[in-house]
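[1] below are the sequence and a predicted model; questions follow.
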Amino acid sequence: WVSSYLPCYRRQETGLLADTADGSTPFPTEDKRLTATNAEFFGHPIGLRTLFLTEMWERMSYYGMRALLVLYMTGAVTLANAGLGMRELEAQAIYGIYVGMVYFLAVPGGWLGDNLFGHQRAVLYGAVIIALGHLTLAVPIESGLFFGLGLVAIGSGLLKSNISTIVGKLYADNDPRRDAGFTIFYMSINIGSTVGYAVCGFMGEKIGWHWGFGAAGVGMILGVIQYVRTRHLLGDAGLEPNPMPEARRDQLGRWAMFVALASALVVLLFGTGVIEVSASVFAERLAYALTTIAGIYFLYLYCFAGLNPAERKNVVLLFLLFIAAAAFWSGFDQSGGSLNLFARDYTDLNFLGVDMPVSWVQFFNPIYVVVFAPMFAAFWAYLGRRNMDPSLPLKFALGLLFMGLSFVVMLLAVGVALESAPIGLQWLLITYLLQTWGELTLSPIGLSAFSRYSPKRYAGQMFGLWFLASAIGGVLAGLLGGEATDGGLESVSPIFTYMIQYYFGIAAVLVVLAYFFRQKEASQNE
Ligand code: GLN
């Protein structure tokens, strides 16, 4: 069925990306094509199948475990399926730190793939470390939580950015299939998460939390086996790191080792409680730190990177998109936090006489993605043919608008729940539908926009910057979600109202600036 969607995906090149088509390529491409086999994967290089399945299993394990994490941490201690009995504020802060680190570590992970390991090996190491992380979580001891999450975050950092880079490298510079390839790859994410929610969610909630985490580990092991057996199909794509003198590589390796050990020491000091700080305070500081890093980087690019005026203008555009993306993910990642708890505490999960696992409610996001992605692509293409395709800032504004509306629905849902809980499932289903529409207007084009609009010499790093927006969004999600549920239903509305205000506010700024950019361009073209 993937192939039946392909015509739509191909049309995305003229639709979704119409305003970015400057002929540049998101990723540096070696001109060594696969010679081992002429087999194809839905009209794409066969190596895409290897990456598709690896990402699928990785996302199965990531989202499967993420769906359970907050439920496990806040679960009652006394039940048969005992949780850790943590306060919701702290549990969601840990969740936020975890999601933030998964995406933040994609930045150093990408660097290691570029310079030391090569992307292919980085993916392998990442996948193995992720599997070890989930297996650690499968052991029913409380102290395993911290180490397990740490391993999964490190492994994801290595895997997530490098696997996307290899996708780019499968295609020659001017191959028109590239964007379609990325869209197929985005599908693997959602197929994986559907399986993850189904299997890990069921096992974790109905059998035992650690069974669910173990299932995530088994999924990742299947991914590793698949990757090892079919890695040769990737040919040279991402096999070798950037060329440099061996002495220089050794020197970089020593630095990397030093930084890794120093970071491990700091993490250990926090993890073992030698430096005592609550998770919510730590998450807050992390949010500031990540925002500062991003701010300094943009400032550097704008002021000191020796860019020409056109490149500088693009940096401003990317900066705006970055803020919008971070805001967007701060809502999207509520699915594993506050919305997950809302489903557990205030929603009637009885479906056809059977009590559904709480985490199954999250199913609907990936299912909606698979259903609506072709429609969105076709819609953009339709607008593109009429020269009405919205610009990037407008699409991002639309994404935020949908996200804001999803929380308006939640405000109504909270109102109903305050009257009489539990409420029907339809509230969360509509919320996730609106969020998915937002995701589809913002996420698939975001990565592409970051690689295309970035100054050429900085293309690789800008890719990391895109994930940094997800990292900030993840930490904010944990912090806001924690505040929202900390005082029961009463505290939800003020926080969600605040979020709605910033979604709509940023969206409005983007609309105004999009208009301003257009006017300026029009007057320059006259
Ligand atoms: N859903 C996408 C994925 O899992 C994007 C998530 C994100 O960037 N925060 O890869």
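    Sure thing, it's come through.
[2] the strand or helix carrying I500 packs against which elements?
    I500 is located in helix 492-525, with elements delineated by DSSP states H and E. Applying 3 or more C-beta pairs under 8 Å, 6 or more residues apart in numbering; DSSP states H and E, we find helix 492-525 packed against helix 309-332, helix 392-419, helix 459-486. Backbone N, C-alpha and C define where each C-beta goes, glycine included.
[3] touching the ligand at all, the first one?
    Read it as helix 309-332. Yes. Using C-beta under 6 Å from any ligand atom, helix 309-332 reaches the ligand at W329.
[4] between that helix and helix 459-486, how many degrees?
    Calculated by axes from the mean of the first three to the mean of the last three C-alpha atoms, to 10 degrees, helix 309-332 forms an angle of 30 degrees with helix 459-486.
[5] now do the buried residues in helix 309-332.
    Neighbour-count burial for helix 309-332 flags 311, 313-315, 317-332 (criterion: 16 or more other C-beta atoms under 10 Å).
[6] thinking again about what came up before, in TSV: the helices and strands packed on helix 492-525, plus mean pLDDT and distance to F52.
    Converted to TSV, those look like this (pLDDT from 0 to 100; distance: least, C-beta to C-beta, whole Å):
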stretch	mean pLDDT	distance to F52
helix 309-332	93	22
helix 392-419	96	25
helix 459-486	90	19
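[7] list just the one of those helices that sits closest to G110.
    Comparing the helices and strands packed on helix 492-525 against G110 with C-beta to C-beta, the closest turns out to be helix 459-486 (5.0 Å).
[8] show me what that closest one is packed against.
    Looks like helix 459-486 contacts helix 88-104, helix 106-112, helix 144-169, helix 279-304, helix 309-332, helix 338-346, helix 426-453, helix 492-525 (3+ C-beta pairs under 8 Å, 6+ apart).
[9] excluding its backbone neighbours, what's nearest the spatially most central residue of the chain?
    Residue closest to the average C-alpha location in the chain (C-alpha atoms, centre = their mean): S470, at 5.8 Å. Computed as C-beta to C-beta, 6 or more residues apart in numbering, the closest residue to S470 that is not its neighbour in sequence is Y103, at 4.0 Å.
[10] residues of this protein that sit close to the ligand?
    Contact residues, the chain versus the ligand (C-beta under 6 Å from any ligand atom): 59, 189, 329, 443, 470.
[11] so which of those is the closest to the ligand?
    For the residues of the chain next to the ligand, the residue nearest the ligand by C-beta to the nearest ligand atom is S470; the value is 3.5 Å.
[12] wait, that closest one sits on W329?
    Yes. Contact criterion C-beta atoms under 8 Å: S470 and W329 qualify, at 5.0 Å.
[13] for the chain, what helix or strand is lowest in average pLDDT?
    helix 2-12 (a mean of 34; mean pLDDT, DSSP states H and E).
[14] before we move on, the earlier item: contacts only, for the residue nearest to the centre of the chain.
    103, 325-326, 329 (C-beta atoms under 8 Å, 6 or more residues apart in numbering).
[15] can I get these in a markdown table with distance to V509?
    Shown next, in a markdown table, are the contacts of S470 (distance: C-beta to C-beta, whole Å):
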| residue | distance to V509 |
| --- | --- |
| Y103 | 24 |
| A325 | 14 |
| A326 | 14 |
| W329 | 18 |
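[16] closest to the ligand out of those residues?
    Distances from the ligand to the contacts of S470, taken by C-beta to the nearest ligand atom, are shortest for W329, at 4.7 Å.
[17] residues near the spatially closest residue to that closest one that is not a sequence neighbour, how many?
    Among residues not flanking W329 along the chain, G473 sits closest, at 2.4 Å (C-beta to C-beta, 6+ apart). Per other C-beta atoms under 10 Å, the neighbour tally for G473 reads 24.
[18] need the contact list for G473.
    Listed by C-beta under 8 Å, 6+ apart, the contact set of G473 reads 325-333.
[19] ramachandran coordinates for N350?
    phi -70, psi 120 (degrees, to the nearest 10).
[20] what distance do you get for it to F319?
    47 Å (C-beta to C-beta, to the nearest Å).
[21] again with G133
    33 Å.
[22] spatially nearest residue to I472 (excluding sequence neighbours)?
    Nearest to I472 is A326, by C-beta to C-beta, 6+ apart, at 4.2 Å.
[23] the one you found contacts A469, correct?
    Yes. Using C-beta under 8 Å, A326 is in contact with A469, at 4.4 Å.
[24] which neighbours do these two share?
    Residues touching both A326 and A469 (C-beta under 8 Å, 6+ apart): none.
[25] quick one on the thing from earlier: can you put the contacts of G473 in JSON lines and add distance to M65?
    Listed next are the contacts of G473 as JSON lines, based on distance: C-beta to C-beta, whole Å:
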{"residue": "A325", "distance to M65": "24"}
{"residue": "A326", "distance to M65": "23"}
{"residue": "A327", "distance to M65": "25"}
{"residue": "F328", "distance to M65": "22"}
{"residue": "W329", "distance to M65": "18"}
{"residue": "S330", "distance to M65": "20"}
{"residue": "G331", "distance to M65": "21"}
{"residue": "F332", "distance to M65": "17"}
{"residue": "D333", "distance to M65": "14"}
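[26] ok, the closest residue to A325 other than its chain neighbours - contacts?
    If the residues on either side of it in the chain are set aside, A325 comes closest to A469, at 3.8 Å by C-beta to C-beta, 6+ apart. Contact analysis of A469 by C-beta under 8 Å, 6+ apart lists 294, 322, 325-326, 329, 446.
[27] stretch 381-401: which residues count as buried?
    381, 384, 389-401.
[28] what's the answer for stretch 293-301, then?
    Residues of stretch 293-301 classed as buried: 293-294, 297-298, 301 (neighbour count, 16+ other C-beta under 10 Å).
[29] which residues touch that stretch?
    Here stretch 293-301 has contacts from 307, 315, 318-319, 322, 455, 458, 461, 465, 468-469, 472, using C-beta under 8 Å, 6+ apart.
[30] redo that, cut-off 10 Å
    With contact meaning C-beta atoms under 10 Å, 6 or more residues apart in numbering, stretch 293-301 is reached by 104, 107, 305, 307, 311-312, 314-316, 318-319, 322-323, 326, 454-455, 458, 461-462, 464-465, 468-469, 471-472.
[31] what of stretch 302-312?
    Under C-beta under 10 Å, 6+ apart, the answer for stretch 302-312 is 297, 299, 301, 313-316, 319, 453-458.
[32] from the residues you listed, pick the one nearest A262.
    Nearest member of the contacts of stretch 302-312 to A262, counting by C-beta to C-beta, is Y297, at 21.0 Å.
[33] how close does the closest one sit to the ligand?
    18 Å (C-beta to the nearest ligand atom, to the nearest Å).
[34] low-confidence stretches in this structure?
    Residue ranges of the chain with pLDDT under 70: 1-38, 451, 459-460, 519-526.
[35] at 80 what do you get?
    Applying pLDDT under 80 to the chain flags residues 1-38, 79, 173-174, 179, 270-273, 447-463, 517-526.
[36] give me the number of residues near G306?
    Count around G306 with other C-beta under 10 Å applied: 9.
[37] can we start the residue count at 324 from this point?
    With the count now opening at 324, the last piece we talked about shows up as G629.
[38] surely it forms part of a helix?
    No. Counting by DSSP: H, G, I helix; E, B strand; the rest coil, G629 is not found in a helix; it is coil.
[39] contacts only, for the spatially closest residue to Y821 that is not a sequence neighbour.
    When the adjacent residues along the chain are set aside, Y821 lies closest to L803, with 7.9 Å between them (C-beta to C-beta, 6+ apart). Taking C-beta under 10 Å, 6+ apart as the criterion, L803 is in contact with 415, 419, 653-654, 656-657, 660-661, 818-819, 821-822.
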